[in-house]
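Trainee: Sequence first, predicted coordinates after that:
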Amino acid sequence: MKSENVIENEVNNKNLNTIKEENTTNAENTINAENTDAAKTENAVEAVKGSSNGNAKREETAAQTDVQEEAQSVPAVQEVDTASINAAEQDATPQPKRRQRPKRKGRSVAGQVSRLKLALLFLAPLLLVSIWTELAPFLVSAGIRGSLVDLPGKYETVNLRGLLQLELVGPILYAGRQFYQQALQDLRERIPSAEVLLLISTVAAVCGGVYTACHLVLGQHYWNLPPLFLSYIGLCVTAALGSVYLDRWCKASLPQFLDLPSMWLVSGSILLSIVACLSFFFTGKAAFPIWQIAVSIFVCGCPVLLLPAISVAAFTSVQKAAEKNILLRDGTVLGDAGETSLIIFDKTGTLTIGRPVLTDIHVFNNGNESGLLSLASAMLQDSDLPEAEAVRDAAEGCKLPLVTEVQSTPEGWHSARCFKENIRLGSLEYVKRYARIPAEANGYVEQMSDVGKTVWYLTVGRTLYAIFGFSDELRKETPEAMRRLKEMNIVTSVMTADNKRAGLYLARLSGAERVAAGLLPTHKAQLVQTFRKGGEVVAVVGDGDNDAPALECADFGFAVGSGTKTVWKAAQVVLTDNDLRNVAATFTLSRACVEIIKTNVRIVCICNLLLLPFALGIAYLLGGPLLQPWMLLVATIAAAALVANNTWKLKKMKI
């Protein structure tokens with residue numbers, strides 16, 4: 001084999017014993033001394049250019065210089081110190097993710113479809129009986145007898161509609177029993193949650209309903225009794241079941257938006273009921289049971305749409321994301337993703353298309369290009385790195401030498417035994433530990449780095465034989481994606497294992513504001529933790545297995561659709577069409593969703609709070625009525641219309 005003969009001749013021509021006696025310190029001193037001799041380096045580069053295709057090389061160099069000058073016209077890129085990150089040990093206890101919520105607040109209660117169907121089955125007749133109960137007195141006054149559930153003969157005055165409502169609301173309360181179990185747990189922990197609010201209003205409505213139902217059976221007229229709020233409570237429980245079903249379906253439970261309104265509604269209801277009851281008790285102006293005030297306040301303080309106001313907006317956002325080919329594996333990111341202050345992009349396969357091409361091979365020590373390429377390809381037969389595939393493609397058709405003891409590391413460092421010598425292939429940081437890098441190589445490396453190419457070194461023993469340059473095409477949508485993120489005041493950063501010159505070129509070309517170059521792939525998670533400890537809310541976009549730990553440590557993880565299964569599992573958001581512009585679209589959608597949810601919650605709370613004067617009895621003192629079920633129904637319909645209109649705006653919004 002031609003390649004074997006070439007390499008063996010070169011090895012035999014050198015004094016191997018002298019090379020083996022050289023230590024690493026002397027080699028580094030020699031490298032530093034040669035690097036300072038700039039004139040010698042330039043002469044070496046020019047000599048090599050003249051011995052090869054002179055005109056073609058000059059034209060290529062001129063074109064690369066033009067691209068370099070264009071890239072340098074972009075504003076300066078801030079460099080991240082990766083030396084300390086690479087030197088630091090891995091943190092054994094990574095910080096918990098901000099996106100994680102306490103399991104207690106997951107609201108994964110009563111989510112089965114069967115329970116929702118049970119509630120809907122009994123809600124319809126409950127509403128029918130409730131409407132008939134409210135209309136019956138008006139029908140009687142108009143000369144129309146309300147005959148439903150009225151007993152004949154001597155039992156004509158007995159009204160069983162109250163008992164019928166109690167029977168119909170029972171299965172609905174049973175369907176939502178886990179809400180009350182959660183409420184009891186929250187009460188033990190002194191947490192004023194939405195479940196606690198539902199429990200208080202249910203207890204008040206049922207107690208008042210039992211009182212009214214018993215007096216109706218005794219023949220007392222409904223006009224003279226406290227109103228029945230059972231149908232309203234049944235509607236609240238059914239709506240809560242529906243909201244939890246939506247949460248479970250779209251995996252977008254956002255209970256954190258219920259914390260503050262629930263606290264105010266629970267605390268305010270209890271305080272107002274005490275004040276109102278004491279006021280009527282000591283003034284003696286109440287012509288009705290004083291406890292009716294407490295019941296009215298507790299029922300009024302529990303809006304039907306409090307839970308659906310959040311779930312419907314989240315459901316709409318998930319659907320809208322799907323239309324943009326954004327797969328939300330964890331819909332809870334909608335609640336927090338808009339807070340992101342820094343986003344880090346991996347280079348290969350994320351900012352670039354992920355199919356690097358071997359464009360440059362520079363040979364030293366009279367090596368044979370095809371032989372060295374075959375040797376590198378033989379070492380990379382089992383590697384899944386994109387650069388390894390590029391080498392194999394370039395060496396297609398070449399006869400590969402026999403290599404043994406092949407070893408690869410996650411950092412992309414490869415070693416093997418061939419021709420009784422140690423062969424090493426990888427980055428400068430790796431090969432300089434074992435071989436002497438001549439000064440003439442620096443010119444080639446700088447030339448390739450200035451146009452963003454990835455550089456690998458091939459050494460035999462302690463001698464450098466070849467430098468490989470890999471070029472990967474930038475995704476066409478990358479600059480626009482960076483621009484959109486900057487407009488949202490999100491700092492953009494790139495992490496790459498390439499040297500600083502190549503990293504800076506890539507950052508300028510893509511439009512990123514920061515670059516972490518020379519970063520070992522295994523230390524990407526360490527970089528994320530460093531930023532998070534500095535107070536940043538970090539999102540990471542990646543595609544490979546070595547990106548998965550960084551996505552796990554980040555507050556939010558994005559995976560491109562062409563990525564591996566490992567990174568898909570680590571990410572909360574998957575860009576199924578590989579369009580990086582959808583990263584900004586996700587943040588836009590998150591901010592819009594949060595704003596819509598807050599507006600919806602305000603709407604449903606305000607619509608019910610407008611009825612407080614009737615619930616408190618203030619309207620009664622001024623000659624008006626007390627709180628009635630039809631008032632709650634009107635407030636619910638008005639809130640539903642406003643929430644639907646608000647959510648429709650979210651659905652039609654452009655992201």
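Mentor: Thanks, I have it.
Trainee: drop to CA atoms for contacts and neighbour counts, all remaining ones
Mentor: Noted.
Trainee: so where's the stretch 251-400 of the chain shaky on pLDDT?
Mentor: Counting by pLDDT under 70, the stretch 251-400 of the chain shows no low-confidence range.
Trainee: All the strands of it, in order from the start?
Mentor: Using DSSP state E, counting those that start in this stretch, the strands found in the stretch 251-400 of the chain span residues 326-328, 342-346, 357-363.
Trainee: Likewise for the chain?
Mentor: Assigned by DSSP state E, the strands in the chain fall at 78-79, 326-328, 342-346, 357-363, 404-408, 414-418, 421-426, 454-460, 463-471, 491-495, 514-516, 538-542, 556-560, 573-575.
Trainee: How about residues contacting the fifth one?
Mentor: If you take C-alpha atoms under 8 Å, 6 or more residues apart in numbering as the criterion, strand 404-408 is touched by 379, 383, 414-418.
Trainee: Among these, which one lies nearest to residue 435?
Mentor: Distances from residue 435 to the contacts of strand 404-408, taken as C-alpha to C-alpha, are shortest for residue 415 (12.8 Å).
Trainee: Mind pulling the model confidence for that closest one?
Mentor: Looking at residue 415, its pLDDT stands at 93.
Trainee: And for residue 545?
Mentor: The model reports residue 545 with a pLDDT of 85.
Trainee: and it, what does it touch?
Mentor: 564, 566-567.
Trainee: before we move on, what about residue 329?
Mentor: Residue 329 makes contacts with 251, 571-574, as judged by C-alpha under 8 Å, 6+ apart.
Trainee: In TSV, list the residues you listed along with distance to residue 136.
Mentor: Output for these, formatted as TSV (distance: C-alpha to C-alpha, whole Å):
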residue	distance to residue 136
251	45
571	59
572	55
573	55
574	57
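Trainee: which one of those is nearest residue 222?
Mentor: residue 251 (45.4 Å).
Trainee: Go ahead and confirm that closest one touches residue 334.
Mentor: No. Residue 251 is beyond contact range of residue 334, at 10.5 Å (criterion: C-alpha atoms under 8 Å).
Trainee: who's more crowded, the two?
Mentor: residue 334 (25 against 19; other C-alpha atoms under 10 Å).
Trainee: I figured that one hits residue 253, correct?
Mentor: No. Taking contacts as C-alpha under 8 Å, residue 334 lies outside contact range of residue 253: 9.4 Å.
Trainee: joint contacts of these two?
Mentor: Residues touching both residue 334 and residue 253 by C-alpha under 8 Å, 6+ apart: residue 314.
Trainee: Of the contacts of strand 404-408, which is the most crowded?
Mentor: Busiest of these [other C-alpha under 10 Å] is residue 379, holding 28 neighbours.
Trainee: now that one: how far from residue 428?
Mentor: Using C-alpha to C-alpha, to the nearest Å, residue 379 is found at 18 Å from residue 428.
Trainee: hmm, back to that, make a markdown table from the strands of the stretch 251-400 of the chain and add mean neighbour count to it.
Mentor: Listed next are the strands of the stretch 251-400 of the chain as a markdown table, based on neighbours: other C-alpha atoms under 10 Å:
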| stretch | mean neighbour count |
| --- | --- |
| strand 326-328 | 24 |
| strand 342-346 | 24 |
| strand 357-363 | 18 |
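Trainee: Minimum distance to residue 77: which of those strands has it?
Mentor: Comparing the strands of the stretch 251-400 of the chain by C-alpha to C-alpha, strand 342-346 comes nearest, at 13.9 Å.
Trainee: Render the CA-only coordinates of that closest one in CSV, please.
Mentor: Extracted in CSV, the C-alpha atoms of strand 342-346 (Å, rounded to 0.1, in the frame of the first residue of the first chain):
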residue,chain,number,x,y,z
LEU,A,342,-29.8,34.4,27.5
ILE,A,343,-30.0,31.7,24.8
ILE,A,344,-27.1,29.5,23.8
PHE,A,345,-26.8,27.8,20.4
ASP,A,346,-24.7,24.8,19.6
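Trainee: outside of it, which residues touch it?
Mentor: By C-alpha under 8 Å, 6+ apart, strand 342-346 touches 351, 490-496, 536-543, 547.
Trainee: Identify the neighbouring strands of that strand in the sheet and state each direction.
Mentor: Take DSSP bridges as the rule and strand 342-346 pairs in its sheet with strand 491-495 (parallel), strand 538-542 (parallel).
Trainee: can you count the residues close to the residue nearest to residue 200 when sequence neighbours are not counted?
Mentor: Once flanking residues are discounted, residue 200 sits nearest to residue 298: 6.6 Å by C-alpha to C-alpha, 6 or more residues apart in numbering. Here the number of neighbours of residue 298 (other C-alpha under 10 Å) works out to 27.
Trainee: And for residue 569?
Mentor: Residue 569 is flanked by 16 other residues according to other C-alpha under 10 Å.
Trainee: Distance check, it against residue 630.
Mentor: Residue 569 is 50 Å from residue 630, by C-alpha to C-alpha.
Trainee: Could you do residue 139 as well?
Mentor: Residue 139 is 16 Å from residue 630, by C-alpha to C-alpha.
Trainee: now swap in residue 282 and tell me
Mentor: 30 Å.
Trainee: and what of residue 464?
Mentor: Look at residue 464 and residue 630: by C-alpha to C-alpha, they are 88 Å apart.
Trainee: ok, now residue 563?
Mentor: 56 Å.
Trainee: the more surrounded of these two?
Mentor: Just comparing residue 563 and residue 630: by other C-alpha under 10 Å the higher neighbour count belongs to residue 563, 21 against 14.
Trainee: ok, the more buried one - contacts?
Mentor: 349, 542-544.
Trainee: want to throw those residues into JSON lines with distance to residue 312 and neighbour count?
Mentor: What follows is the contacts of residue 563, written out as JSON lines (distance: C-alpha to C-alpha, whole Å; neighbours: other C-alpha atoms under 10 Å):
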{"residue": "349", "distance to residue 312": "36", "neighbour count": "23"}
{"residue": "542", "distance to residue 312": "31", "neighbour count": "31"}
{"residue": "543", "distance to residue 312": "32", "neighbour count": "30"}
{"residue": "544", "distance to residue 312": "35", "neighbour count": "22"}
